[in-house]
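Enquirer: I would like the atomic coordinates for the input below:
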Amino acid sequence: MVEFIPRPHYLETLREFRDKPFIKVITGMRRCGKSTLMMMFRQEIIESGIPENDVLYINLGNELECTISTYRELIDHVRSTLGTDGRKYLFLDEIQNVQEWERAIETFHISGLDIYLTGSNSRMLSSEISTKLSGRFVCMDVLPLSFSEFLVFRERYGNEGSLEDKFSEYLHDGGLPATALMSGMRDDLISMTISGTYDTVIVKDVMERNNVRNPAVISNLFRFLMKNIGDRTSVKNASGYMVSKGIKVSTDTVDSYIKHIEDAKLIYRARRMDSKTKEYLQTSDKFYATDIGMRNVSVGYTDRDLDGILENLVFMELMFRFGNASVMSVDGKEIDFVSFDGKGEPRYFQVSLDILNSETMKREITPLKDIPDNYPKYIITMDRYPYDNVDGIKIVNIMDFLVN
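Expert: Numbering: from 1, shown residues only. The predicted model follows:
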């Protein structure tokens, strides 16, 4: 039996929806752990007493092992393998590789199968499911390892070093599960692994999926977004950068390419929200790397980038915990992030490398004090600030925040 490292944050969600009449859709960037999570939950179902023959897993992304390419072939294979009697569970990995796959899923759903799908292109999945299977599915977005998950992986495979050492590794190498298991290996081998994942996502999920023929356009655009994490980014600015690199491309094309990169889950977009109306503003958004290690191998890592990198880590942690994070505008001033919990209650976050300087502290704390409510407000920093609370605003070290 294969030994897996549990990821309870996601497994608990799958448990809650087990045997419920919804198609469970698991999305996320390639190599972030979707397939392992699916196999982990399949094993859990079998261990609960369900016969192994009633729990079918098919990896549709493995061209060497799977020749299924059409919805009809998929229907025939599942029917001949699972049969029709009793409770059945169906796990389909990388479903987007099957033509008209949604027709097969509709058939399986009507027949009463408990269905779990993974896919690496969020727009493709959401558009097809919304059209054919509206109201009959739930989506769960799987991210690379959070820092707390990263520590669990490190404890299983090499626990050397202090918390600060492990945070430094996470800051540099990111949270791809394969990377987290490479404790003690040379930096160049780790970078090679991350670069290989990036190349696969770019080729398979951006270029081939969207018929993009010029890899230089996508790679330069991704580099531009990664150089500007934490900054407002407009399509116009991105187009100007492309022109400066000698690449002639229209703003509409740049806009569509950004969406392609976003759909492949290489990046996440933080939209701007007005503090009074709670509506999104039609202004420049911010973009963050799904995996900071992938950002670092793309544009390099220097201490000058640490402000943006910390902001990236906090944004992805909020996405992990709450599934949402937006930039907030407060009378022309900016709060880095607001996230809403399951009850719709907000939490506000400022991220700053250093707040020991009084001017920096004033800049970070003023927008938080201007929010006229009593919901939690935080400043997250690399500092070990002498106080944990200033005027009701909590001061939290970044490592403490990520671990707790």
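Enquirer: kindly state the domain boundaries assigned to this protein.
Expert: 8-141, 322-403 (automatic domain parsing).
Enquirer: could I get those as CSV with distance to Leu163 and mean neighbour count?
Expert: Quick note: C-beta positions are derived from backbone N, CA and C, even for glycine. What follows is the domains of the chain, written out as CSV (distance: least, C-beta to C-beta, whole Å; neighbours: other C-beta atoms under 10 Å):
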stretch, distance to Leu163, mean neighbour count
domain 8-141, 20, 17
domain 322-403, 6, 16
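Enquirer: any idea which of the ones you listed scores lowest on pLDDT?
Expert: Sorting the domains of the chain by mean pLDDT places domain 8-141 lowest, at a mean of 89.
Enquirer: report the distance from that one to the chain centre.
Expert: Mean-position distance between domain 8-141 and its chain equals 20 Å (C-alpha atoms, centre = their mean, to the nearest Å).
Enquirer: any idea which element Lys286 lies in?
Expert: strand 286-289 (DSSP states H and E).
Enquirer: quick one, strands of the stretch 51-200 of the chain?
Expert: 55-59, 89-93, 114-119, 137-141 (DSSP state E, counting those that start in this stretch).
Enquirer: sorry, back to before: could the domains of the chain go into a markdown table alongside distance to Gly246?
Expert: Listed next are these as a markdown table, based on distance: least, C-beta to C-beta, whole Å:
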| stretch | distance to Gly246 |
| --- | --- |
| domain 8-141 | 29 |
| domain 322-403 | 32 |
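Enquirer: out of the ones you listed, nearest to Lys278?
Expert: Checking these against Lys278 by C-beta to C-beta gives domain 322-403 as the closest, at 8.9 Å.
Enquirer: list the contacts of the residue lying farthest from the centre of the chain.
Expert: Relative to the mean C-alpha coordinate of the chain, counting by C-alpha atoms, centre = their mean, the farthest residue is Asp85 (37.6 Å). Contacts for Asp85 (C-beta atoms under 8 Å, 6 or more residues apart in numbering) come out as none.
Enquirer: for the one 3 residues further on, same thing?
Expert: Going by C-beta under 8 Å, 6+ apart, Lys88 touches Asp54, Val55, Leu56, Leu82, Gly112, Leu113, Asp114.
Enquirer: all the helices of the stretch 251-400 of the chain, residue numbers only.
Expert: 251-263, 292-299, 306-322, 358-369, 398-403 (DSSP state H, counting those that start in this stretch).
Enquirer: so which bits of the first one are buried?
Expert: I take that to be helix 251-263. Thr253, Val254, Tyr257, Ile258, His260, Ile261, Glu262, Asp263 (16 or more other C-beta atoms under 10 Å).
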